[in-house]
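Trainee: could you look at this predicted model? Sequence included:
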Amino acid sequence: MLKNDKISLRAVEPEDLEFLYKYENLPEIWACNSRKEPFSRFALKEYVSNCDKTIYERGQLRFMVTLNENNRTIGAVDLFDFDYHNGRAEVGIFISQEFQNQGFGLQALELLTDYSFHFLNIEQLYAYILKENCSAVKLFRHAKFEHCATLKRWFFHKDQYCDCAVFQRFR
């Protein structure tokens, strides 16, 4: 388990199924995602049952973000599209709306970054962010990710094509 004084990043447990079902099926989450349809409970149960495999086997790793004071799950952070040969992985993060703008996202991203660079020996992390998602852009800037490119008309969101900001952070 990865932790600081306020939050912990822990492995996905079977008890997380309902949390994942609720949040993975929010259409606003799909904006920066290739998936545009809901997950079934069955599919998420299969996902959770395969979480014992390593990032080297699955190409992805998810941590649940919990509050230390009461063990409440407030979000998730992911490494995915893991490329061992080139030393990079994409980062995804979700914090429940009621816990946003309280520093928990930044703390989770910092814990994940430290783990990625110092334990997994990843050279770079990157994120594709809907340019109009000002909160996510601000979060990644605060986490010392650099804006390195803008992909024009990259995402189809809310009946229009939107630009994508690409952020990277190097070890």
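Mentor: That came through fine.

Trainee: grab the most central residue of the chain for me.
Mentor: By CA atoms, centre = their mean, the mean C-alpha position of the chain lies nearest to G92, the distance being 2.2 Å.

Trainee: excluding sequence neighbours, find me the nearest residue to that one.
Mentor: Here the nearest residue to G92 in space, its sequence neighbours aside, is D78; by CB to CB, 6 or more residues apart in numbering that works out to 4.1 Å. For the C-beta atoms, the positions are set from N, CA and C on the backbone; glycine is no exception.

Trainee: ok, now A136?
Mentor: Counting by CB to CB, 6+ apart, A136 lies nearest to I129, which is 4.7 Å off, once chain neighbours are set aside.

Trainee: now S116
Mentor: Nearest residue to S116 in three dimensions, chain neighbours excluded: I122, at 4.4 Å (CB to CB, 6+ apart).

Trainee: same thing with E123?
Mentor: G87 (3.5 Å).

Trainee: that older thread, the residue nearest to S116 and K6, how far apart?
Mentor: Taking CB to CB, to the nearest Å as the criterion, I122 is separated from K6 by 24 Å.

Trainee: could you check which of those two is surrounded by more residues?
Mentor: With other CB atoms under 10 Å as the criterion, I122 and K6 differ in neighbour count, and I122 comes out ahead with 23 against 13.

Trainee: ok, that one - contacts?
Mentor: Taking CB atoms under 8 Å, 6 or more residues apart in numbering as the definition of contact, the neighbours of I122 are 79, 87-89, 116, 171.

Trainee: low-confidence stretches in this structure?
Mentor: Residue ranges of the chain with pLDDT under 70: 29-36.

Trainee: quick one: the strands in it?
Mentor: Along the chain, the stretches classed as strands by DSSP state E are 2-3, 7-11, 61-67, 73-83, 88-95, 124-130, 146-157, 160-170.
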